[in-house]
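S.K.: Okay, predicted coordinates and the sequence, questions at the end:
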Amino acid sequence: MFLIDTNRQGRVVTDAIVNQSIDNYLVNDLKLPGHGLMMYVNQPAVILGINQNVMAEVNFPYLAENQVQLVRRTSGGGAVYHDKRNLIFEHIINGDPQDGSQFGDYSVFAAPILRALKDMGVADLAISGKSNLVVAGRKFSGMTMFKNGDGYAAGGTIMYDLNVDAAHQALLPSSQRQHKGVASNRVPITNLRQYLAPAYRDLDIQAFKEALLCHIFNVDRLDQIETYHLNDRDWEIIDQRLDDKYRTDAWNYGANPGYREYRAVVLPKGRLHLNFTIHQGTFRNMALFGTVAPAEQLSAVADRLVGLPVTAEALTAVLRDEAVLEVLGNAAITPIVTALTTEAPDEG
């Protein structure tokens, strides 16, 4: 196993959208042979699984008020909250490294993390279910995987001193409203800091990361680890992938199961996202979400748009209804009608 350094020109990268896209570049483009490991820290962000609906998982007003990023990954699993007191690790496999690694087997990828944490004083560690890492029966890491050809990535979180209250506020409770997509399984979570040996309890996150990596690779210093450093050519391709897909709102906000189209409008009350599907000239599915109104009110408006013909006249008639105006306001009519009746620009 070797280390993959994700710093950019010697600087730590904490942009969650960037960090979440690196594994895709390593698996889909670079394809370094063997078994690599990268570990990084994100600024506050909610990371959403590829098969999840944002409207069922995310507290949009909290994200907006607290400058929390929303990021959709290309692997499955549930929504999680990251901040700068939380580590993310990812194993990158290309070909057969002949070390027991196998797609779908989380235990192989959890083993070096659990061994290192045990060396650092954490007791009562285990894997719960298929992919959760727990200490004293409480979850501190959820793992997920994605595959492309002979390459795949397997990783998860390591909660050192995560702001648990912020995590609870950024993520919604389990939704009772029917929707397509995978729902997150909310379970009790805990931080590792209190379980570590005293020498590791008061480190900043980068020092904890370095100590953990040294234990994983059984070395005294990071420069003793075989390391691949992302270079300028790597970053050029990563930047292109970000521009094409991973930094777009259409991916992070709009790629929700059950909907084909995505638009967004800025209104006096805030930002409104629109997900919908058109079939034979009518709106088959519709979702409205964002910061302009409570989720329940936006869902009620979206329900009234389902079944309407895709015409300005039909949409305007509903949007001018008194109950709808109380939710969206008169200034929302023209932007929403335009968004829903105008063909999306070609991003390719």
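M.R.: Ah, there it is.
S.K.: and residue 317, that one's in a strand?
M.R.: No. Applying DSSP: H, G, I helix; E, B strand; the rest coil, one finds residue 317 to be helix, outside a strand.
S.K.: Just give me the neighbour total for it.
M.R.: For residue 317, the count of nearby residues is 12 (other C-beta atoms under 10 Å). For every residue, glycine as well, the C-beta is placed using N, CA and C.
S.K.: now residue 140
M.R.: By the measure other C-beta under 10 Å, the count of residues near residue 140 is 25.
S.K.: which residue sits closest to it, ignoring its sequence neighbours?
M.R.: Spatial nearest neighbour of residue 140, excluding adjacent residues (C-beta to C-beta, 6 or more residues apart in numbering): residue 159 at 4.5 Å.
S.K.: helix, strand or coil for residue 100?
M.R.: coil.
S.K.: residues contacting it?
M.R.: By C-beta atoms under 8 Å, 6 or more residues apart in numbering, the contact list for residue 100 reads residue 108.
S.K.: Next one: it, what pLDDT does it get?
M.R.: The model reports residue 100 with a pLDDT of 89.
S.K.: Kindly report the same for residue 142.
M.R.: On the pLDDT scale, residue 142 gets 89.
S.K.: how far away is it from residue 241?
M.R.: Distance of residue 142 to residue 241, computed by C-beta to C-beta, to the nearest Å: 25 Å.
S.K.: Neighbour count: these two, which is higher?
M.R.: Comparing residue 142 with residue 241 by other C-beta under 10 Å, the one with more neighbours is residue 142, at 22 against 17.
S.K.: Touching the helix or strand hosting the more buried one from outside, list them.
M.R.: Secondary structure assigned from DSSP states H and E places residue 142 in strand 138-148. With contacts defined as C-beta under 8 Å, 6+ apart, strand 138-148 is touched by 23, 27-28, 49-50, 73-78, 80, 103-104, 106, 109-110, 113, 128, 131-134, 152-159, 187-192.
S.K.: can you do 6 Å?
M.R.: When contacts are defined by C-beta atoms under 6 Å, 6 or more residues apart in numbering, strand 138-148 is touched by residues 27-28, 74-77, 103, 106, 131-133, 153-154, 156-159, 187-190, 192.
S.K.: can you tell me the helix or strand for the residue of the chain positioned farthest from its centre?
M.R.: Residue farthest from the centre of the chain, counting by C-alpha atoms, centre = their mean, is residue 313 at 38.1 Å. Assigned by DSSP H and E, residue 313 belongs to helix 312-319.
S.K.: Could you give me the buried positions within that helix?
M.R.: 314-315, 319 (16 or more other C-beta atoms under 10 Å).
S.K.: Quick one: mean pLDDT for it?
M.R.: Averaged over helix 312-319, pLDDT sits at 98.
S.K.: any idea how far the closest residue to residue 245 other than its chain neighbours is from residue 74?
M.R.: Using C-beta to C-beta, 6+ apart and skipping residues adjacent in sequence, the residue nearest residue 245 is residue 251, 5.2 Å away. Between residue 251 and residue 74 the distance is 9 Å, computed by C-beta to C-beta.
S.K.: what does residue 128 give?
M.R.: 24 Å.
S.K.: Specify the local secondary structure of residue 78.
M.R.: What three-state DSSP gives for residue 78 is coil.
S.K.: circling back to that earlier point, pick out whichever of residue 128 and residue 74 has more residues nearby.
M.R.: Neighbour comparison, residue 128 and residue 74: the larger count goes to residue 74, with 20 against 14 (by other C-beta under 10 Å).
S.K.: if we can go back for a sec, counting only helices, which of the contacts of strand 138-148 make the cut?
M.R.: residue 106 (DSSP state H).
S.K.: which residues does residue 83 contact?
M.R.: 44, 163.
S.K.: Likewise for residue 121?
M.R.: Residue 121 neighbours (C-beta under 6 Å, 6+ apart): 196-197.
S.K.: Residue numbering should commence at 301 henceforth.
M.R.: Got it, first residue is 301 now, which makes that one residue 421.
S.K.: can you list the weak-confidence ranges in this protein?
M.R.: Counting by pLDDT under 70, the chain has low-confidence residues at 474-487, 644-648.
S.K.: In it, what residue spans correspond to helices?
M.R.: Counting by DSSP H, the chain has helices at residues 316-325, 354-357, 360-365, 406-419, 464-470, 505-517, 532-541, 549-552, 595-605, 612-619, 622-628, 633-641.
S.K.: As TSV, those with distance to residue 305 would be great.
M.R.: Output for these, formatted as TSV (distance: least, C-beta to C-beta, whole Å):
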stretch	distance to residue 305
helix 316-325	11
helix 354-357	32
helix 360-365	30
helix 406-419	18
helix 464-470	28
helix 505-517	11
helix 532-541	11
helix 549-552	26
helix 595-605	41
helix 612-619	51
helix 622-628	48
helix 633-641	42
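S.K.: So which of those helices is nearest residue 308?
M.R.: helix 532-541 (6.1 Å; C-beta to C-beta).
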